[in-house]
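>>> A structural model of the following input is requested.
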Amino acid sequence: MFINIAGTKDFLENERRGLFSYQALKSRLETNKFRNSRSLEDFAQPVIKLLPLDNNEVFVLLKKAESSF
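Numbering: from 1, shown residues only. As a prediction, this is how the structure comes out:
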């Protein structure tokens, strides 16, 4: 089974209202403790943090979505 959930950093890491407010989820979703470099990504962990799209990338994405309809 594969479940994909997208959310903001606050949705994940907020200790009061986010997913990290539940200790069992926090212990499973935290970043790999052995990761030692920001340039290397570990895609085997349960949370993969992506960089946000800039305005030009959003525009191109919307244009491509529009042309597909």
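
>>> M1: neighbour count?
Neighbour count of M1, defined by other Cβ atoms under 10 Å: 2. Placement of C-beta: from N, CA and C, glycine included.

>>> how much space separates it from V60?
According to Cβ to Cβ, to the nearest Å, M1 stands 33 Å off from V60.

>>> got it, and I48?
Distance of I48 to V60, computed by Cβ to Cβ: 22 Å.

>>> for Y22, same thing?
Y22 is 37 Å from V60, by Cβ to Cβ.

>>> with F43 instead?
Counting by Cβ to Cβ, the gap from F43 to V60 is 24 Å.

>>> higher neighbour count, those two?
Using other Cβ under 10 Å as the criterion, F43 and V60 rank with V60 on top: 11 against 5.

>>> can you give me how far the longest helix anywhere in the chain is from the chain middle?
Determined from DSSP state H, the single longest helix within the chain is helix 55-67. Relative to its chain's centre, helix 55-67 lies at 21 Å (Cα atoms, centre = their mean, to the nearest Å).

>>> contacting residues around that helix?
Contacts with helix 55-67, where a contact means Cβ atoms under 8 Å, 6 or more residues apart in numbering, come from L53.

>>> which helix or strand contains the residue most central in space within the chain?
The centroid of the chain falls nearest to K49 when counting by Cα atoms, centre = their mean (3.7 Å). Using DSSP states H and E, K49 sits within no helix or strand.

>>> need the pLDDT of it.
pLDDT for K49: 83.

>>> before we move on, what about the one 10 residues further on?
What the model reports for F59 is a pLDDT of 96.

>>> what about it, how many residues nearby?
11.

>>> so what's the residue count around the residue nearest to F11 when sequence neighbours are not counted?
In space, and not counting its chain neighbours, F11 is closest to G18: 5.4 Å by Cβ to Cβ, 6 or more residues apart in numbering. G18 is flanked by 18 other residues according to other Cβ under 10 Å.

>>> show me where this protein has strands.
Assigned strands in the chain: none (criterion: DSSP state E).
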